[in-house]
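Colleague: fold the following for me, if possible:
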Amino acid sequence: MLADEEYRRGSPMSKQSEFDPVATWQNMISQWERQLNELSAKISSNEVFAGSMNQATKLSMTTRKSMENNLNRLVQSMQFATQTQMSEALDRLDHIEQKLDAIAAALPSNTASSKPSPAPPRRTRKPAGPAA
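Modeller: Numbers count the residues shown, from 1 in each chain. The predicted model follows:
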């Protein structure tokens with residue numbers, strides 16, 4: 001009974017069926033994007049922020065380069081191949097395999113033109129008998 005009375009008065013229960021979650025989500029996302037754009041515009045127009053971001057980017061790049069150099073020295077001291085050396089070795093190996101395939105294709109077929117292989121030598125020794 002209570003539900004019927006609330007329905008007739010236009011209670012929140014009747015409005016719940018009109019609720020569109022997709023439209024609400026789209027509205028929330030568009031408001032969030034607008035606010036984020038406004039905030040980023042305010043922050044990026046600040047010269048102090050731009051300068052500090054520039055310094056942070058330079059520091060990040062310097063740190064990365066330093067780490068790469070230190071790791072390369074560590075790999076060399078451990079006598080491991082670097083990624084560049086491994087890729088060069090793989091390229092050379094591919095080139096060698098291509099040459100071998102070309103040589104194998106240029107050789108005449110050994111199965112049709114070659115002489116039959118000689119029979120294996122006969123066994124002249126008898127195997128040892130069971131140990132007594």
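Colleague: from the centroid of the chain, which residue is nearest?
Modeller: Most central residue of the chain, judged by C-alpha distance to the mean C-alpha position with C-alpha atoms, centre = their mean, is Gln83 at 15.4 Å.
Colleague: what's the distance between Glu38 and Ala50?
Modeller: Using C-beta to C-beta, to the nearest Å, one obtains 17 Å as the distance from Glu38 to Ala50. Placement of C-beta: from N, CA and C, glycine included.
Colleague: err, Phe19, not the other one
Modeller: Distance of Phe19 to Ala50, computed by C-beta to C-beta: 44 Å.
Colleague: ok, which stretches of this protein are helices?
Modeller: Counting by DSSP state H, one finds helices in the chain at the ranges 2-9, 12-16, 21-45, 47-77, 83-106, 110-113.
Colleague: so which of these gets nearest Arg125?
Modeller: Each of those was scored for nearness to Arg125 using C-beta to C-beta, and the closest is helix 110-113 (33.0 Å).
Colleague: per-residue confidence at Pro118?
Modeller: For Pro118, the model assigns a pLDDT of 80.
Colleague: with Met13 instead?
Modeller: The confidence metric pLDDT takes the value 50 at Met13.
Colleague: repeat for His95
Modeller: 96.
Colleague: and it, how many neighbours?
Modeller: Using other C-beta atoms under 10 Å, the number of residues around His95 comes to 10.
Colleague: please convert the helices of the chain to CSV, extending it with distance to Ala128.
Modeller: Written out in CSV, the entries for the helices of the chain read as follows (distance: least, C-beta to C-beta, whole Å):
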stretch, distance to Ala128
helix 2-9, 102
helix 12-16, 97
helix 21-45, 88
helix 47-77, 56
helix 83-106, 44
helix 110-113, 39
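Colleague: out of these, nearest to Pro121?
Modeller: Of all the helices of the chain, helix 110-113 sits nearest to Pro121, with 22.7 Å by C-beta to C-beta.
Colleague: what about that closest one, average pLDDT?
Modeller: When pLDDT is averaged over helix 110-113, the result is 53.
Colleague: before we move on, the earlier item: looking at Phe19 and Ala50, which one has more neighbours?
Modeller: The neighbour count for Phe19 versus Ala50, taken as other C-beta under 10 Å, is higher for Ala50 (12 against 9).
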